[in-house]
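Student: Just need the structure, nothing else, for what follows:
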Amino acid sequence: MPFYYKLGETPPKRHTQFRKPNGELYAEELVSTEGFSSNYSLVYHCHPPTIVKNLGEPYVVEPKITRDKHLKHTSLMGFKIKPEDDYLESRKPVLVNNDLHISLAAPRKSMTDYFYKNTMADEMIFIHEGSGVLKTGYGNIKFEYGDYLIVPRGVIYQIHFNDEKNRLFIVESFSPIKAPKRYRNENGQLLENSPYCERDIKTPQNLETNDVVGDFKILIKKQGLIYPYTYGTHPFDFIGWDGFHYPWAFSIHNFEPITGRLHQPPPVHQTFEAHNFVVCSFVPRKYDYHPLSIPAPYNHSNVDSDEVLYYVDGDFMSRKSVERGQITLHPGGIPHGPHPGTVEKSIGKESTEELAVMIDPFNPLMLTEDAIEIEDPDYYKSWMAG
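Tutor: Sure, this is the predicted structure:
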């Protein structure tokens, strides 16, 4: 998704001398993906990014799997995840496989005494409640309700919240998160028929060069462990950078829905893609306008994928009862569909105000200990009449 972008000062030619006012060289760093074959940025630091003063003992943060195989429609009451002060400790993985980890978080405090880097996964942080600033060496991104924050692997960041009321829906993707290929032309530009365009993308702003020497705690995640590093210089010491590898954001409120005379299938709601899963946004929209149309979705048999729906806000005509922050998991192998009575009730409706995030993974998801603690054990019976 990212297009070419530049902030701060850079030399006119890459890999050439770029000096500070005192004559010393700035430290050039290539941040590259897939070796040297995919997106990259060139970053110019006040100090070499390799100065490590101390390395502490790593600790385990791998999800604890409770249900690795199942064929049961499942509902998780996401707002039952209890708020915690620390951002990383508040992140509770609930649904996981080898392609992605889905977590819920309710952090109360900003990150102030450490920085964080995920070296194995791109992170998609959906802001359900709260606002603040994502701070990185690349610049800052203000965020608010409804924003998807996309933090590519390897980006060191801090999150600063405006208050203590925050709810996050987080996806760690072990492959790059991109705009769907069918929305882009051969040069990567979003097409006219795409439900959003480059103008909707929030890019880093207000680059702050922290030319500071000291002790800076960086928590680095790799292979289910977090390694406590102490750097000798501030990680946000960028004087400038350019390229395609940087954090960005997109608001679900800027997704323009695709509608039609008859019920449209879920791919029209697709927002992002990664290896073995897609992300969709369900937003307020006009319903189908064929004179005999049925707005409620038809029953559907998931054959090749699970389906995860995270309910954000609004009314959902296919469900009798939905709570904000609820997650439903409909596993591949059995059908699901609208609750009894909702199909007939939907006829004649002209629009919906629903807001939800959907994840369709192509490999089965497993449930963690944290998921079981917030599970509605009787959800699978919710299609019974009466």
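
Student: For residue 229, what are phi and psi?
Tutor: With angles defined as degrees, to the nearest 10, residue 229 shows backbone torsions of phi -100, psi 150.

Student: Tell me the bridge partners for the residue nearest the centre of the chain.
Tutor: Most central in the chain under Cα atoms, centre = their mean is residue 124, positioned 1.4 Å from the mean C-alpha point. In this structure, residue 124 bridges to residue 150, residue 171 when assessed by DSSP bridges.

Student: Assess the claim that it and residue 277 are in contact.
Tutor: No: using Cβ atoms under 8 Å, residue 124 is not in contact with residue 277; the gap is 10.7 Å. The way it works is simple: take the backbone N, C-alpha and C, and place the C-beta from them, glycine included.

Student: quick one: common contacting residues for these two?
Tutor: Jointly contacting residue 124 and residue 277 under the rule Cβ atoms under 8 Å, 6 or more residues apart in numbering are residue 173.

Student: Do you know the pLDDT at the residue nearest to the centre of the chain?
Tutor: Note for residue 124: predicted pLDDT of 98.

Student: One more: residue 320?
Tutor: Predicted confidence (pLDDT) for residue 320: 66.

Student: before we move on, what about residue 302?
Tutor: For residue 302, pLDDT reads 84.

Student: and the gap between it and residue 267?
Tutor: 14 Å (Cβ to Cβ, to the nearest Å).

Student: neighbour count winner among those two?
Tutor: Neighbour count, other Cβ atoms under 10 Å: between residue 302 and residue 267, residue 302 has more, with 15 against 12.

Student: unless I'm mixing things up, the more buried one is touching residue 334, no?
Tutor: Yes: with contacts counted by Cβ under 8 Å, residue 302 reaches residue 334, the gap being 7.3 Å.

Student: Could you pull out the helices in the protein for me?
Tutor: 87-90, 342-346, 369-373 (DSSP state H).

Student: dump the residue contacts of residue 119.
Tutor: Taking Cβ under 8 Å, 6+ apart as the contact definition, residue 119 lies against 153-154, 220-222.

Student: Tell me who's in contact with residue 256.
Tutor: 195-196.

Student: So which bits of stretch 259-270 are buried?
Tutor: 263-264, 269-270 (16 or more other Cβ atoms under 10 Å).

Student: likewise stretch 224-232?
Tutor: Neighbour-count burial for stretch 224-232, with 16+ other Cβ under 10 Å as criterion, is recorded at 226-227, 229-231.

Student: swap in stretch 20-38?
Tutor: Residues 26-29, 31-33 are the ones in stretch 20-38 that count as buried (16+ other Cβ under 10 Å).

Student: Check stretch 140-148 too.
Tutor: 140-141, 143, 145-148.

Student: What of stretch 335-344?
Tutor: Using 16+ other Cβ under 10 Å as the test for burial, stretch 335-344 gives 336-339, 342-343.

Student: Check the offset of it from the chain's centre.
Tutor: When C-alpha coordinates are averaged (Cα atoms, centre = their mean, to the nearest Å), stretch 335-344 and its chain have centres 30 Å apart.

Student: Kindly report the same for stretch 49-62.
Tutor: Stretch 49-62 has its C-alpha centroid displaced from the chain centroid by 25 Å (Cα atoms, centre = their mean).

Student: Residues in contact with it: which ones?
Tutor: Against stretch 49-62 from outside (Cβ under 8 Å, 6+ apart): 27, 29, 43, 88, 215, 221, 224-233, 235.

Student: Endpoints of it, how far apart?
Tutor: With Cα to Cα, to the nearest Å applied, stretch 49-62 spans 28 Å between its terminal residues.

Student: What of stretch 125-139?
Tutor: Criterion Cα to Cα; first-to-last residue distance in stretch 125-139 is 17 Å.

Student: ditto for stretch 183-196
Tutor: With Cα to Cα as the measure, what separates the two termini of stretch 183-196 is 9 Å.

Student: could the buried residues of stretch 140-148 be laid out in TSV, adding distance to residue 161 and pLDDT?
Tutor: Below are those laid out as TSV (distance: Cβ to Cβ, whole Å; pLDDT from 0 to 100):
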residue	distance to residue 161	pLDDT
140	14	98
141	14	98
143	9	98
145	12	98
146	16	98
147	13	98
148	17	98
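
Student: circling back: please flag which of the buried residues of stretch 259-270 sit within strands.
Tutor: Counting by DSSP state E, the part of those found in strands is residue 270.

Student: now, among the buried residues of stretch 259-270, which is nearest to residue 309?
Tutor: Minimum separation from residue 309 among the buried residues of stretch 259-270 (Cβ to Cβ) is found for residue 269, which lies at 10.9 Å.

Student: Bridging across strands, which residues link to the spatially closest residue to the closest one that is not a sequence neighbour?
Tutor: In space, and not counting its chain neighbours, residue 269 is closest to residue 280: 3.9 Å by Cβ to Cβ, 6 or more residues apart in numbering. For residue 280, the beta-bridge partners are residue 270, residue 358 (DSSP bridges).

Student: residues contacting residue 280?
Tutor: By Cβ under 8 Å, 6+ apart, residue 280 lies in contact with 266-267, 269-271, 357-360.
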